[in-house]
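[1] Sequence and predicted model, in that order:
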Amino acid sequence: MSVLSGICKADIKTASDGLLELAEEKLRSIMRSDPITDTYHVEQTPFARGKFASVRKIRHLVSGEEYAAKFIRKRRRAADTTREIHHEVAVLALCADCTRVVRLHEVYETRSEVAIVLELCAGGELQRLLDEEERLTEGAARRALRHALEGLAHLHARRVAHLDLKPQNLLLSAGGEELVICDFGISRAIQPGAHVREILGTRDYVAPEILSYEPLSLAADIWSVGVLAYVLLSGYSPFAGDTKQETYLNIAQCQLSFPPELFRGVSQRAVQFIRETLVVDPKGRLTVEECLEHPWLKDDADIPRAIVGLGFGASELGSDGDDVTDDVTCHPRDEVHVNGINGVNGINGVNGINGVNGVNGHNGVSKCNGTTNGTHEDKVAEPDAAAPSESREEEERDKPLKHARDASPPFPDAPSTPKVSRKSHPPPPSVLALCKKFQPDYEKPAKLPHAHAHAHTHAHTHAHAHGECGACACACPAPCLRMRATQDRAVLC
């Protein structure tokens, strides 16, 4: 009998910060304190690893059935995260009857870590398929999005926002027929009338209102669905810039383009779906129910039995000089117009299963890896200094995404061919940290920034204050993301 059989919705409460809490007696009933090795054979080598968690394949000693065990450390950089772990367990318990959410089997707890035993999705992450095939066929993308939206509909009906939808958190069955959502470490319960403000998510998929420090909402997941659709159909990220602040600015202004060399053969219905989900105003986006009823996803024609990929042909990529003929600006409030698109690289990643990416690469290409529970190096998070003892392997993990561009790269060492990830140096600053980095006296009224263009080839890391460079008179190649902070929100300027 499942450990979740005695748990009902009334046993789960929502705290003011959006974390779910199981009743104490129910929590004790599902948390096992005996050694997990008494019941399972645990493989010593994780098949996926993050900064604070690892995933190992385990096999039941009696039945021989295999599962994935997610081992999560309770303390991260001197902070106790037990509540966040219990929240993830509560979300899984709340979705126990949903076939589109990874199933929780049982939970083990020690003094230092928690092991969440989950169903083993033998097909691995959807990101693995993108790594191998570069993009999906349109029919396969529709099937994948249908399954993801069905799981999301179950979450939203229970007022839970996932806040980290991306290919790394979507798992496939062995044959690729089914897809489930995993990794609820940074999910939040959204209660009517409650205003939870946190900067959470992965850089390329985060919604603009989160960057503006507005209250979290279920609509943030719909923005991620739009980015996901773009990525699955093209193999490229729509908003990635040459710097983190440029990516945030692209998101805030919804600088969205559909290069013909990437979207050749993609239907107009698919493009329209992306446009209707990537809307800056959360109230203007489709709901999860409207997404499922959209003509593009509702049409059953050409839907394959399995989610399969589609590689790029040499003729499909076009030349570097191809003109972008389908530039779109969808910023209804500010009407910011976009000319061209930024970035070079496509989506890259590594093999991984059940919510934590591994660290494997191939062909000398740097990969975009993920970790668990809101600790992704590309995730937008609260300011946090990197531990000095972290290994070089961890520093090379979690590469950000790039998207196609129609111009030469601005830096001598920037990659100039598609599908190659640029380097990034963790830890990435959060939006609030950027506020302090580029405007030390950010609590004062912001001044209009001056245009800059930097002539050096080394990384430009000195602070900007009042729109002027403090270390040199030369200018910065990318637009600065400037912030203004008030008592309860940070605003993109």
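    On my side now, so go ahead.
[2] Could you verify that residue 199 is part of a helix?
    No: counting by DSSP: H, G, I helix; E, B strand; the rest coil, residue 199 is not found in a helix; it is coil.
[3] Give the burial count for it, as a bare number.
    A count of nearby residues for residue 199, using other Cβ atoms under 10 Å, gives 20. Placement of C-beta: from N, CA and C, glycine included.
[4] buried ones in stretch 276-286?
    Using 16 or more other Cβ atoms under 10 Å as the test for burial, stretch 276-286 gives 276, 277, 278, 279, 280, 282, 285, 286.
[5] Sorry, slip of the keys, the one I care about is stretch 145-157.
    Quick answer for stretch 145-157 (16+ other Cβ under 10 Å): 145, 146, 147, 148, 149, 150, 151, 152, 153, 154, 155, 156.
[6] what would the buried residues of stretch 276-286 look like in a markdown table with secondary structure and distance to residue 260?
    Below are those laid out as a markdown table (DSSP: H, G, I helix; E, B strand; the rest coil; distance: Cβ to Cβ, whole Å):
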| residue | secondary structure | distance to residue 260 |
| --- | --- | --- |
| 276 | helix | 21 |
| 277 | helix | 21 |
| 278 | coil | 18 |
| 279 | coil | 23 |
| 280 | coil | 24 |
| 282 | helix | 30 |
| 285 | coil | 26 |
| 286 | coil | 25 |
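[7] So which of those residues is the closest to residue 29?
    Distance to residue 29 across the buried residues of stretch 276-286 (Cβ to Cβ) is lowest for residue 282, with 38.2 Å.
[8] Give me the distance between the closest one and residue 212.
    Residue 282 is 11 Å from residue 212, where distance means Cβ to Cβ, to the nearest Å.
[9] and the gap between residue 33 and residue 56?
    Distance from residue 33 to residue 56, by Cβ to Cβ: 19 Å.
[10] no, scratch that, I was asking about residue 154
    To residue 56, residue 154 is 28 Å away according to Cβ to Cβ.
[11] same deal with residue 261?
    42 Å.
[12] higher neighbour count, these two?
    Higher neighbour count among residue 261 and residue 56: residue 56, with 21 against 17, using other Cβ under 10 Å.
[13] Looks like residue 86 contacts residue 24 (just checking).
    No: contact criterion Cβ atoms under 8 Å: residue 86 and residue 24 do not qualify, at 10.4 Å.
[14] These two: which has the busier surroundings?
    Counted by other Cβ under 10 Å, residue 86 and residue 24 do not tie: residue 86 has more neighbours, with 19 against 9.
[15] Just give me the neighbour total for residue 105.
    19.
[16] what about it, is that helix, strand or coil?
    strand.
[17] and what of residue 10?
    helix.
[18] Could you tell me how far it is located from residue 24?
    From residue 10 over to residue 24 (counting by Cβ to Cβ), the distance is 14 Å.
[19] do residue 75 as well
    From residue 75 to residue 24 the distance is 21 Å (Cβ to Cβ).
[20] ends of stretch 90-106, how far apart?
    12 Å (Cα to Cα, to the nearest Å).
[21] what sits up against that stretch?
    Applying Cβ atoms under 8 Å, 6 or more residues apart in numbering, the contact partners of stretch 90-106 are 2-4, 7, 9, 12, 20-22, 30, 32, 67, 89, 116-119, 121, 147-148, 150-151, 154-155, 158, 160, 171, 178-182, 184, 187, 354-355.
[22] Try it again at 7 Å.
    3-4, 7, 9, 12, 20-22, 30, 32, 67, 116-119, 121, 147, 150-151, 154-155, 158, 160, 171, 180-182, 184, 187, 354 (Cβ atoms under 7 Å, 6 or more residues apart in numbering).
[23] I'd like to know which of the residues you listed are part of helices.
    Of the contacts of stretch 90-106, the ones assigned to helices by DSSP state H are 30, 147, 150, 151, 154, 155.
[24] which of these sit farthest apart?
    30 and 147 (26.9 Å).
[25] if I read this right, residue 40 contacts residue 64, doesn't it?
    No: here residue 40 does not reach residue 64: they are 10.6 Å apart, not a contact under Cβ atoms under 7 Å.
[26] Neighbour count for these two, which is higher?
    residue 40 (23 against 8).
[27] phi, psi of that one?
    Residue 40 adopts backbone torsions of phi -130, psi 150, taken as degrees, to the nearest 10.
[28] Tell me the predicted confidence for it.
    With respect to pLDDT, residue 40 scores 97.
[29] now residue 396
    Per-residue confidence at residue 396 stands at 39 (pLDDT).
[30] same check, this time on the one 3 residues further on
    The score at residue 399 is 46. That number is its pLDDT.
[31] for the stretch 101-250 of the chain, what are the low-confidence residue spans?
    Residue ranges of the stretch 101-250 of the chain with pLDDT under 70: none are present.
[32] Tell me which stretches of it form strands.
    104-109, 113-119, 124-125, 160-161, 170-172, 179-181, 188-189 (DSSP state E, counting those that start in this stretch).
[33] okay, the ones you listed in JSON lines with distance to residue 256 next?
    Below are those laid out as JSON lines (distance: least, Cβ to Cβ, whole Å):
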{"stretch": "strand 104-109", "distance to residue 256": "37"}
{"stretch": "strand 113-119", "distance to residue 256": "35"}
{"stretch": "strand 124-125", "distance to residue 256": "25"}
{"stretch": "strand 160-161", "distance to residue 256": "22"}
{"stretch": "strand 170-172", "distance to residue 256": "22"}
{"stretch": "strand 179-181", "distance to residue 256": "25"}
{"stretch": "strand 188-189", "distance to residue 256": "26"}
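[34] Ok, which of those comes nearest residue 301?
    Residue 301 lies closest to strand 179-181 among the strands of the stretch 101-250 of the chain, at 19.6 Å (Cβ to Cβ).
[35] hang on, the earlier thing: could I have the buried ones of the contacts of stretch 90-106 as PyMOL selection syntax?
    Listed next is the PyMOL selection for buried residues among the contacts of stretch 90-106, using 16+ other Cβ under 10 Å:
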select buried, resi 3+4+7+12+20+21+22+30+32+67+116+117+118+119+121+147+150+151+154+155+158+160+171+180+181+182+184+187+354
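[36] is it true that residue 172 touches residue 121?
    Yes: judged on Cβ under 7 Å, residue 172 makes contact with residue 121 at a distance of 6.2 Å.
[37] care to break this structure down by domain?
    Under automatic domain parsing, the residue ranges defining each domain of the chain are 9-119, 446-493.
[38] weakest of the ones you listed by average pLDDT?
    domain 446-493 (a mean of 41).
[39] I'm done for today, thanks for sticking with me.
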